[in-house]
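A.B. asks: no letters, just coordinates:
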């Protein structure tokens, strides 16, 4: 008898991980994998195929709750589900160590998907030691870049498998063609960045580079799409440095693609990543791309890509130079179709299915 797959993702937010979660989960349930999802965000249920058993706390409102509260309640739901069904495999997208400890304690197999480079929390010695011990207990580990794979193997002495992130390029193209307000003026250098406004994404480096462009009398506009706990700080910096007419904060957009479709240069300034979806989306929408050379995904994505440049982490002067250099040649070179084929939704999700099936027998 085949086992039930329980996908564990307590906090479904608005980033690239969630896009992967939707595509992979819906593919599984339509390819003979009995799938349940445990999450605290019941409002996201409609993003999933109706055949998925969506399990969430029905009597608690988590709208303004932090991740750890969601983790606690969802771990209780996970324990209950394992007790009720027994014949299960857990596939964790989030809270990997907590779900691994619980799954192994209850005798269930678990596969974890690591989403962020370990450099992101290398400063936390205790967390690193705990993670190194318990990650070895997982029955399978998936990472989304080859460099990420090498880093995990070196740091934790485990052997993860590498599978690219999946993309529904037809849907991205369709969404990008939808009408939206045009925030760009004509005859300006059209810049954009999309991502959570938090420490990891390091938008301050972008704003510092905008100050250099402004002082150099370059006619530009930057759209900042995203929300997060650094939003007020970033807006204050923008105002205090006379950038308010040049930089527009648009907040979170469920569909950022029409804005990317109108932009010329996409900027990613992260301090660390796993494999950032947004770089591939920007290239697909014919943006030039400038990215920080952060661990682990950007270099792997962009190393052979002629429409891109990379700058040193936190180096706003280097970023400004790269923007000025790229602004002098905004024509986009044709990208080989094989570049996007390796990220195709069906191709990648089938890889996930083949790997997961080994544990379900």
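C.D. replies: On my side now, so go ahead. In this text the structure is predicted, and so the values were computed from the model without any measurement.
A.B. asks: can we go C-alpha only for contacts and neighbour counts from here?
C.D. replies: Fine.
A.B. asks: average pLDDT across whichever helix in the chain runs longest?
C.D. replies: Taking DSSP state H as the criterion, the chain has its longest helix at helix 67-85. For helix 67-85, mean pLDDT is 96.
A.B. asks: helices or strands up against the helix or strand following that helix?
C.D. replies: For helix 67-85, the succeeding helix or strand toward the C-terminus, using DSSP states H and E, is strand 88-92. Taking 3 or more Cα pairs under 8 Å, 6 or more residues apart in numbering; DSSP states H and E as contact, the helices and strands that strand 88-92 lies on are strand 4-8, strand 109-113, helix 345-360.
A.B. asks: what's the angle from the last one to strand 4-8?
C.D. replies: Using axes from the mean of the first three to the mean of the last three Cα atoms, to 10 degrees, the direction of helix 345-360 lies 120 degrees away from that of strand 4-8.
A.B. asks: buried set for helix 345-360?
C.D. replies: 345-346, 348-350, 352-353, 355-357, 359-360 (16 or more other Cα atoms under 10 Å).
A.B. asks: Throw the residues you listed into a markdown table and include pLDDT and distance to residue 39, thanks.
C.D. replies: Formatted as a markdown table, the buried residues of helix 345-360 follow (pLDDT from 0 to 100; distance: Cα to Cα, whole Å):
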| residue | pLDDT | distance to residue 39 |
| --- | --- | --- |
| 345 | 97 | 23 |
| 346 | 97 | 25 |
| 348 | 98 | 24 |
| 349 | 98 | 21 |
| 350 | 98 | 24 |
| 352 | 98 | 20 |
| 353 | 98 | 21 |
| 355 | 98 | 23 |
| 356 | 97 | 20 |
| 357 | 96 | 22 |
| 359 | 97 | 22 |
| 360 | 96 | 21 |
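A.B. asks: ok so, going back, ok, residues contacting the longest helix of the chain?
C.D. replies: Contacts to helix 67-85, defined as Cα atoms under 8 Å, 6 or more residues apart in numbering, come from residues 8, 10-11, 38-40, 55-57, 62, 88, 95, 98-99, 102-103, 106, 108.
A.B. asks: make it 6 Å
C.D. replies: 10, 40 (Cα atoms under 6 Å, 6 or more residues apart in numbering).
A.B. asks: show me where the chain has strands.
C.D. replies: With strands called from DSSP state E, the chain shows them at 4-8, 35-38, 53-55, 88-92, 109-113, 140-143, 161-162, 189-194, 220-225, 247-251, 265-268, 288-292, 308-311.
A.B. asks: could you check how far the fifth one is from the centre of its chain?
C.D. replies: On the basis of Cα atoms, centre = their mean, to the nearest Å, strand 109-113 sits 19 Å off its chain's mean C-alpha point.
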